[in-house]
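1. build me a model:
(2 chains)
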Number of protein chains: 2
Amino acid sequence: MGSTEKNRALEAVAVFLCDRADEILEANRADIEHAEKDGMSPSMIDRLRLSGDRLKAMAEGIRQVAALEDPVGEVISMKTRPNGLIIGQKRVPIGVIGMIYESRPNVTADAFALCFKSGNAVILRGGSDAIHSNTAIVAVIKEALRFVGTEEDSIQLVTDTDRETARQMMRLNGYIDVLIPRGGAGLIRTVVENSTVPVIETGTGNCHIFVDETADLDMAVSIVFNAKTQRTGVCNACESLVVHRAVEEAFLNRLCERLKEKPVVMYGDEAAREAEPSILPATEEDWGKEYLDYKMSVKTVDSIEEAIAHINRYNTGHSEAIITKSYDHAQKFLNEIDAAAVYVNASTRFTDGFEFGFGAEIGISTQKLHARGPMGLKELTSTKYIIYGNGQVRP
Amino acid sequence: MGSTEKNRALEAVAVFLCDRADEILEANRADIEHAEKDGMSPSMIDRLRLSGDRLKAMAEGIRQVAALEDPVGEVISMKTRPNGLIIGQKRVPIGVIGMIYESRPNVTADAFALCFKSGNAVILRGGSDAIHSNTAIVAVIKEALRFVGTEEDSIQLVTDTDRETARQMMRLNGYIDVLIPRGGAGLIRTVVENSTVPVIETGTGNCHIFVDETADLDMAVSIVFNAKTQRTGVCNACESLVVHRAVEEAFLNRLCERLKEKPVVMYGDEAAREAEPSILPATEEDWGKEYLDYKMSVKTVDSIEEAIAHINRYNTGHSEAIITKSYDHAQKFLNEIDAAAVYVNASTRFTDGFEFGFGAEIGISTQKLHARGPMGLKELTSTKYIIYGNGQVRP
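-> Residues are numbered from 1 along each chain as shown, chains lettered A, B, ... in the order given. Okay, the predicted model is just below:
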């Protein structure tokens, strides 16, 4: 399927999602009622809830994906060998992508758009919380695909939301080429531990910011404040602060003054608590925690080496930052920290497909195979070698 | 560790492997004696056997890897975002690579050299057949690493060769970043089915050559003869022939005449047998078989569409070729065949890291994630994003 046909289909899907809003919102109300009966927390219910505006945003997202360059067919390299064989490496779709995800029904439309644009079929298995919404969204997408005469089986929804079905999906080697779980740490662990289909691990982020002894403290306060509070429930938010002892008191005093704007609770080691009495005592558990809340741990170190060792021990391979004026420390941190994204003097909140300029994102890989960091359309492709010969045989 | 240090260590390993030949050959004799007692086939014993010359070749292979360009540290792309953030993508080692493989002890040295040069640690789990040889080779490698003052734990051998240990290895998420199985189809299937650690599937090759109606029949005979007989026990050998009915009789007669040089047995459908009576009847099973022997199946088709459908149904995603003079058919075949390497007018035997110009090869990936086709040093790396800021926070 060429780019023109794919883009036409995506435009139709965007139109249909808005035109058929009533139907989708009615289905969504059924999910919300269930959730309320089950006593789901208000913030979770908010993630589940759709509205006319949210559907418009969903449609807009699909149009943005349509506007992106099609990665399929690009020949990344092509070389002529001494024997005259011309060997090219060409981007091709992966094939069938399985997504296992939790509440938010907008993932259904997003994931479809990205997989479809990159030439893949997608099998979606959302949570039971959003099953009515997801069923309605997928029905509308399929109708739009039929409308433009495109294969409606490009998208499939697994309507059976019990665990056993998800486990079966995780063992469909030969039918599903890759599984991408999106959701909480528990979901991702379950998929990694049970799947024999290749998995791309996404998301969990215990992100650190290290305030070096040479840091510009104003900059450090501004970046930490942003990385902790701009949004708390996201994987690239800062969860853990590491501070050089030499600047700890001055820095923490200023930071806590600034943090008064938000209800942030800090958990620190002894030195941090001496420097700033408002900090509560941390336990070993705090160093590894992804709070996803107005909470942050504070670890005191005596050197950049100690900071790097601490971060490499407790991080989840997502995003880590150093605030420093030292060229050597900046380079050392960039080289030695083991994570998908390593920052000098910037907020960890930038680890995102849009912020990286990919135009879209299907998730943030925290593993090292295939893709690492924000995954856009390119990361949803594989390659194949195409070889032009004129009779060559192997001597 | 810089390239200079790595290359110095590899040179030491090459020297030590030759210097300590007696020790390694003595260990190898123990394996050979065991194998003979167990009634292993002569061809398998040959794969297991080392000699002074084979050790020299092993050392030479290690020197070739040392001479290759170091992929680690290469910045693949670096762009400045509108907010001034400079975002680069840099090649880094994957981390810890696990290899599970069968008899041939030369894999031990090869795999070490490639993993070490690409900055990875390697955990090797060879077969029980080669345990004495592998133990001796790894001991010598570790001694060479100690000699040059490099971390000897860059290589580890699992000396316990029972299945349970291998299964435990397959579940060491967090300790092993990727598992690469090398060996027969059974070994690879076991690893794929039992591993929760990411796996790169390698090797099985039911490779097809399609002789199109417009094929230059002399070229077709020469290529099929090469792909079938130049070496039979390898994954890129041709196992399955697909022939257009219009040229079948002329082609098969000439091919069989040429194949008389070798003891090749052919299994074909009815049309193939009518065209060439020396062909034995094929069963459904033959279409999917990787013979690894002087055997080949022959399927008759009426069109390129039928050929492509047959190949996409029965192939293992390795290497497929078309012999044709038609521009349209060449393009169609390149586009529509789903495999790691797709050829026009050349032997499938070229799917190989050396032939592709990578200078080395740790295996041939037949999956679509991370790497597809021959894997050299580059495929043993991951990437990380390095981001240079000057105080950016997310609005």
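
2. could you give me the average pLDDT of the longest strand seen in chain A?
-> For chain A, the strand with the greatest residue count under DSSP state E is strand A:381-392. Averaging pLDDT along strand A:381-392 yields 98.

3. from the contact counts, what lies against it?
-> Counting by 3 or more CB pairs under 8 Å, 6 or more residues apart in numbering or on different chains; DSSP states H and E, the packing neighbours recorded for strand A:381-392 are strand A:86-93, helix B:217-229, strand B:341-346, strand B:373-375. For the C-beta atoms, the positions are set from N, CA and C on the backbone; glycine is no exception.

4. need the helices for the stretch 101-250 of chain A, in chain order.
-> Using DSSP state H, counting those that start in this stretch, the helices found in the stretch 101-250 of chain A span residues A:106-117, A:131-147, A:163-169, A:185-194, A:217-229, A:245-259.

5. in the longest one, which residues are buried?
-> So the one you mean is helix A:131-147. Using 16 or more other CB atoms under 10 Å in any protein chain shown as the test for burial, helix A:131-147 gives A:131-142, A:144-145.

6. enumerate the residues of the stretch 151-300 of chain A near chain B.
-> Residues of the stretch 151-300 of chain A lying near chain B by CB under 8 Å from any CB of the partner chain: A:173, A:177-178, A:192-196, A:198-200, A:216, A:219, A:222-223, A:225-227, A:230.

7. can we see that at 10 Å?
-> Where the stretch 151-300 of chain A comes near chain B, counting by CB under 10 Å from any CB of the partner chain, the residues are A:170-171, A:173-174, A:177-178, A:189, A:191-201, A:216, A:218-220, A:222-227, A:230-231, A:236.

8. and the closest residue to chain B within the stretch 1-150 of chain A, how many neighbours does it have?
-> Of all residues in the stretch 1-150 of chain A, A:Ile94 sits closest to chain B, at 5.1 Å by CB to the nearest CB. Residues lying near A:Ile94 (other CB atoms under 10 Å in any protein chain shown) number 23.

9. got the phi/psi numbers for it?
-> Per-residue torsions, A:Ile94: phi -70, psi -40 (degrees, to the nearest 10).

10. for the buried residues of helix A:131-147, give me TSV that also has distance to A:Asn312 and pLDDT.
-> Listed next are these as TSV, based on distance: CB to CB, whole Å; pLDDT from 0 to 100:
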residue	distance to A:Asn312	pLDDT
A:Ile131	41	96
A:His132	44	96
A:Ser133	41	97
A:Asn134	39	97
A:Thr135	44	97
A:Ala136	45	97
A:Ile137	41	97
A:Val138	42	98
A:Ala139	47	97
A:Val140	46	98
A:Ile141	43	98
A:Lys142	46	98
A:Ala144	47	98
A:Leu145	46	98
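
11. can you narrow these down to the ones near chain B?
-> Counting by CB under 10 Å from any CB, no member of these is near chain B.

12. rewinding a little: show me what contacts the residue of the stretch 1-150 of chain A closest to chain B?
-> Shown in contact with A:Ile94 (CB atoms under 10 Å, 6 or more residues apart in numbering or on different chains): A:115, A:118-121, A:176-178, A:198, A:370, A:379-382, B:367-369, B:372.

13. could you do A:Ile386 as well?
-> A:75, A:78, A:86-90, A:92, B:330-331, B:333-335, B:337, B:341-344 are the contacts of A:Ile386 under CB under 10 Å, 6+ apart.

14. let's go with 7 Å and repeat that
-> Contacts for A:Ile386 were tallied using CB atoms under 7 Å, 6 or more residues apart in numbering or on different chains; they are A:Gly88, A:Lys90, B:Leu334, B:Val342.
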